[in-house]
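Trainee: kindly generate the corresponding structure for this input.
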Amino acid sequence: MNGLGDDFAVRLRQLRQATEAEGKQAEGQKSQSDKRAVPNGLGLAARITTELVAAVLVGALLGWWLDGVFGTSPWLLLVFFVAWICRRSAQYCAGCIASRAGCKAE
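Mentor: Have a look, this model is predicted:
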């Protein structure tokens, strides 16, 4: 080949090597961040338990307070207690379904 063809081949080879190196580096960073993002079983169980307990407490306290305001004891306590449990459970189930489908939403 002439001088221009050789120069082009050298530059093309350097570009391919540089893009391969960047791709491997990006894959390494992605796998490390994926490992940190995936919770282990115990961490996931603790998170779910905490969220459900918090939902029950918030619903019960809100219902208890509204019962005191409106004098409807214990009906609003029971309604909000059940409503917040259902809401939080539905959010958790939707997150599980989305993660199985490959969605990033929660």
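Trainee: burial check on Ile48, number of neighbours?
Mentor: 13 (other CB atoms under 10 Å). All C-beta spots, glycine's among them, are computed from the backbone N, C-alpha and C.
Trainee: I'd say it and Gly95 touch.
Mentor: No: with contact defined as CB atoms under 8 Å, Ile48 does not reach Gly95; the gap is 10.0 Å.
Trainee: all helices of the protein, in order?
Mentor: Listed in chain order, the helices of the chain (DSSP state H) span 3-37, 41-70, 75-100.
Trainee: for the second one, name the packing helices and strands.
Mentor: Yep, that's helix 41-70 we're talking about. helix 75-100 (3 or more CB pairs under 8 Å, 6 or more residues apart in numbering; DSSP states H and E).
Trainee: could I get the buried residue list for the helix it packs on?
Mentor: Using 16 or more other CB atoms under 10 Å as the test for burial, helix 75-100 gives 76-77, 79-81, 84, 88, 92.
Trainee: identify, from those residues, the entry nearest to Leu52.
Mentor: Using CB to CB, the shortest approach to Leu52 within the buried residues of helix 75-100 belongs to Arg88, at 5.8 Å.
Trainee: which ones are touching that closest one?
Mentor: Applying CB atoms under 8 Å, 6 or more residues apart in numbering to Arg88 gives the contacts 51-52, 55.
Trainee: and it, how far from Leu12?
Mentor: Distance, Arg88 to Leu12, by CB to CB, to the nearest Å: 57 Å.
Trainee: could I get stretch 42-53 in PDB with only the CA atoms?
Mentor: The C-alpha trace of stretch 42-53 is given here as PDB (Å, rounded to 0.1, in the frame of the first residue of the first chain):
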ATOM      1  CA  LEU A  42     -31.700 -10.100  54.200                       C
ATOM      2  CA  GLY A  43     -31.500  -6.500  53.200                       C
ATOM      3  CA  LEU A  44     -34.500  -6.800  51.000                       C
ATOM      4  CA  ALA A  45     -36.500  -8.600  53.800                       C
ATOM      5  CA  ALA A  46     -35.600  -5.900  56.300                       C
ATOM      6  CA  ARG A  47     -36.600  -3.100  53.800                       C
ATOM      7  CA  ILE A  48     -40.000  -4.700  53.100                       C
ATOM      8  CA  THR A  49     -40.700  -5.300  56.800                       C
ATOM      9  CA  THR A  50     -39.800  -1.800  57.700                       C
ATOM     10  CA  GLU A  51     -41.900  -0.300  54.900                       C
ATOM     11  CA  LEU A  52     -44.900  -2.500  55.800                       C
ATOM     12  CA  VAL A  53     -44.700  -1.700  59.500                       C
END
